[in-house]
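Visitor: below is the structure, and that's it, no one-letter string:
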Ligand code: SF4
Ligand code: SF4
C-alpha cells in the first residue's frame with residue numbers, strides 16, 4: 001500500500017449521523033469542460049474550487065480558480081472529503097463535499113506503434129486539426145491531386161470519437177479541390193451519434209477505406225516521396241501509395257492527475273484505466289466511491305454531446321445530497337469489533353467502494369457502504385459483522401428451514417443468489433422450477449464463502465449453486481470474481497473429501513436471463529443423478 005493511502009485511512013473518520021453535507025465541490029479541470037462544469041455548479045449556488053484551469057478564466061462569483069494547484073491526496077467520504085493540494089510548493093487542505101474529475105485526456109500520437117516519426121509529411125491528427133483551425137495549408141501537392149492517408153485503429157479497434165475527428169478533417173480537406181483521401185483501418189466503430197451519416201457522406205465524397213486484418217503497412221520516407229506499401233486483404237494484391245500527407249491516429253490516455261482519486265477508490269486500478277469501472281452498474285458520472293464523480297475523459301468518454309450531458313448529471317448527483325445531511329442514505333454498515341481487529345487493513349484494501357477507514361479503529365462509512373458484505377467474509381479475524389436485514393434469520397437457519405421444506409422427490413439444491421442479479425432472475429421463473437431449489441438471497445455473491453457452501457452440504461444439500469453477476473458488470477465491482485474463486489475452493493475441499501466437486505458450481509446469471517438460471521439448475525440436477533448412479 002502506498003504511503004498516501006496509509007495516511008489517508010489513518011486520518012479520516014466516517015461520516016457521523018447528523019453532520020451536514022459540505023456545500024462545496026472540488027472540480028479537477030484543465031480545459032473548457034472543467035470551466036463549464038465549475039460555472040454550471042456555481043450557478044446552482046454551490047461553492048466551487050476549480051483546480052487545473054488557467055488564472056484569468058471567466059468564472060462565476062462562487063467559483064474560485066486555484067491556478068497552478070495540484071491535487072495530491074484525498075481523504076474521507078461523501079459530504080466531507082479532505083483534499084490536500086499543492087500550490088507553488090505549499091501544501092494546503094480544503095474540505096469539500098464532492099470531488100469531480102473533469103480533466104482532459106492525454107493525447108499521445110501513435111508514431112511509435114507504426115515505426116514512424118513526425119515530419120512535414122507525417123503528422124498526428126491533432127496537428128492537422130490545429131493547422132486547419134488556423135487556416136495553415138499542408139505541404140504543397142506534387143501532382144494534380146493531393147493524396148492524404150489516415151491511419152486509424154490499425155492496432156485494434158477505431159475509437160468512435162477519433163473516427164469522427166478523422167472524417168471532419170477529411171471533410172475540410174475535401175473542401176479544397178482535387179483531394180483524394182484514404183483511411184486505413186482494421187475495425188471501424190460507427191456507434192456514435194451522427195457517425196454513420198458522416199461515414200456515408202465521406203464515402204460518397206470519394207474517401208477510400210482500406211480494411212486490414214494484419215498490422216497494416218510498411219513505410220519508407222525517402223527524399224523524393226513518402227512510400228506506403230500494403231496488401232489489400234480483399235484483392236490479395238501488394239499495393240503502393242505515395243501520399244502527400246500521412247495522418248497518424250492517437251491514443252487517448254486517462255489524465256495522469258487522476259492518481260489521488262484512483263487511490264481513494266481501491267477497486268479502480270484493477271477495473272479500468274479511467275476512473276470508471278467497465279461495469280454498467282455505475283451509471284453515468286458515478287464512480288464506485290460515493291461523492292467522487294467523473295466527467296468526459298476521466299470516465300473514458302470523449303464526445304462533446306455526452307460530456308455536455310455529464311455536466312448536467314453532475315449537478316443532479318450533487319444536489320441529490322444537498323441540502324439535507326446524508327442521514328437518510330444510511331443503511332447500516334458492517335460493525336467492526338475493535339477487540340478482534342488486528343489492523344491488518346485487509347478490509348480497507350478489499351472494499352470495492354473505499355468505504356472503510358481507520359481513525360483509532362476501523363469504521364465503515366454509512367453513506368459509502370453498499371452492504372455487499374465482502375469485508376465481513378475477507379476479515380481474517382472475523383471481526384466484521386454485517387447484520388442480516390431486520391427480521392431475517394441467520395444463514396444456517398435459513399438453509400436448514402429451506403431444506404426441510406424440500407418437496408417429495410425433489411433434489412435438495414441450495415442456491416446462494418446475489419440479490420442484484422440471480423435473485424432477480426429467480427423472480428421470473430415459474431413455480432415448478434423455483435420449488436427445485438432452496439434459495440438463499442445474499443446482498444452480493446462476494447459474501448458467499450466456502451464455509452457457507454460446505455455448511456449447506458453438511459445440512460443435507462445434495463448440490464450447491466453460487467450465482468452472481470457477470471464479471472465486468474458486478475454491482476460490487478469484484479464480488480462475482482471473489483464468489484467464483486471461493487466456489488472453487490469449496491470444490492477442492494469436496495474433492496479432497498472424496499465427494500464429486502461437480503455438485504458445487506458457480507454461475508453468472510443476469511437479472512434478465514432466467515433461462516440461464518433454469519439451465520444451471522438442470523445441470524446441477526444431472527450432476528446429482530450422476531453422483532447418485534456412481535455411488536449405487
Ligand atoms: S480485515 Fe478485519 S482484522 Fe483486518 S483491519 Fe479489517 S476488521 Fe481489522
Ligand atoms: S459491506 Fe461492502 S461496501 Fe460495505 S464496507 Fe464492507 S466491503 Fe465495503
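Guide: Great, that's in hand. Here the structure is a predicted model, which is why all the values come from computation and not from measurement. Ligands and ions are numbered 1, 2, ... in the order given.

Visitor: make it CA atoms for all contacts and neighbour counts henceforth
Guide: Noted.

Visitor: any stretches of the chain with poor pLDDT?
Guide: For the chain, applying pLDDT under 70 flags the ranges 1-19, 139-141, 191-192, 213-216, 269-273, 277-281, 323-331, 388-393, 536.

Visitor: so what touches the longest strand along it?
Guide: In the chain, assigned by DSSP state E, the strand with the most residues is strand 146-157. With contacts defined as CA atoms under 8 Å, 6 or more residues apart in numbering, strand 146-157 is touched by 113, 141, 158-159, 163, 166, 178-189, 212, 215-216, 242-249.

Visitor: could you flag which of the residues you listed are buried?
Guide: By neighbour count, with 16 or more other CA atoms under 10 Å, the contacts of strand 146-157 hold 158-159, 163, 166, 179-189, 212, 216, 242-249 as buried.

Visitor: returning to what we had before: between the next helix or strand after the longest strand of the chain and strand 146-157, how many degrees?
Guide: Downstream of strand 146-157, the first helix or strand assigned by DSSP states H and E is helix 160-174. With axes from the mean of the first three to the mean of the last three CA atoms, to 10 degrees defining the directions, helix 160-174 sits at 170 degrees from strand 146-157.

Visitor: which other helices and strands does helix 160-174 contact?
Guide: Applying 3 or more CA pairs under 8 Å, 6 or more residues apart in numbering; DSSP states H and E, one finds that helix 160-174 contacts helix 125-133, strand 179-187, helix 195-204.

Visitor: just how off-centre is it within its chain?
Guide: How far helix 160-174 lies from its chain's middle: 28 Å, per CA atoms, centre = their mean, to the nearest Å.

Visitor: what angle separates that helix from helix 195-204?
Guide: Interaxial angle of helix 160-174 relative to helix 195-204 (the same axes, to 10 degrees): 30 degrees.

Visitor: could you pull out the buried residues of helix 160-174?
Guide: Applying 16+ other CA under 10 Å to helix 160-174 flags 160-171, 173-174 as buried.

Visitor: out of the helices and strands packed on helix 160-174, which gets nearest to ligand 1?
Guide: Closest to ligand 1 of these is strand 179-187 (CA to the nearest ligand atom; 45.4 Å).

Visitor: so which elements touch the host helix or strand of residue 522?
Guide: Assigned by DSSP H and E, residue 522 belongs to helix 514-535. If you count contacts as 3+ CA pairs under 8 Å, 6+ apart, helix 514-535 packs onto helix 422-427, strand 463-468, strand 504-508.

Visitor: how distant is it from the center of its chain?
Guide: Taking CA atoms, centre = their mean, the mean C-alpha location of helix 514-535 is offset from the chain mean by 35 Å.

Visitor: that one relative to strand 504-508, how many degrees between them?
Guide: 170 degrees.

Visitor: which positions in helix 514-535 come out as buried?
Guide: 514, 516-518, 520-521, 524-525, 527-528, 531.

Visitor: for stretch 225-238, same thing?
Guide: Quick answer for stretch 225-238 (16+ other CA under 10 Å): 226-228, 230-232.

Visitor: check these and tell me the two furthest apart.
Guide: 226 and 232 (18.8 Å; CA to CA).

Visitor: how far away is whatever residue of the stretch 101-250 of the chain ends up closest to ligand 1 from ligand 2?
Guide: Using CA to the nearest ligand atom, the closest approach of the stretch 101-250 of the chain to ligand 1 is made by residue 101 at 28.9 Å. The gap separating residue 101 from ligand 2 is 22 Å, by CA to the nearest ligand atom, to the nearest Å.

Visitor: so that residue bridges to which residues?
Guide: residue 28, residue 294 (DSSP bridges).

Visitor: what's around it, how many residues?
Guide: 26 (other CA atoms under 10 Å).

Visitor: my guess is it meets residue 259, correct?
Guide: No. Between residue 101 and residue 259 there is no contact under CA atoms under 8 Å: 10.7 Å.

Visitor: and the gap between residue 68 and residue 477?
Guide: Distance, residue 68 to residue 477, using CA to CA, to the nearest Å: 34 Å.

Visitor: typo on my end, residue 158
Guide: According to CA to CA, residue 158 and residue 477 sit 27 Å apart.

Visitor: name the nearest residue to residue 373, sequence neighbours excluded.
Guide: residue 447 (5.3 Å; CA to CA, 6 or more residues apart in numbering).

Visitor: residues in contact with the one you found?
Guide: Per CA under 8 Å, 6+ apart, neighbours of residue 447: 372-374, 376-377, 479, 483.

Visitor: circling back: want to throw the helices and strands packed on helix 160-174 into a markdown table with distance to ligand 1?
Guide: Below are the helices and strands packed on helix 160-174 laid out as a markdown table (distance: least, CA to the nearest ligand atom, whole Å):
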| stretch | distance to ligand 1 |
| --- | --- |
| helix 125-133 | 48 |
| strand 179-187 | 45 |
| helix 195-204 | 49 |
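
Visitor: what about the residue of the stretch 401-536 of the chain found nearest ligand 2, neighbour count?
Guide: The minimum distance from the stretch 401-536 of the chain to ligand 2, using CA to the nearest ligand atom, falls at residue 476 (7.3 Å). Using other CA under 10 Å, residue 476 is surrounded by 28 other residues.

Visitor: can you check residue 31 too?
Guide: Close neighbours of residue 31, defined as other CA under 10 Å, add up to 14.
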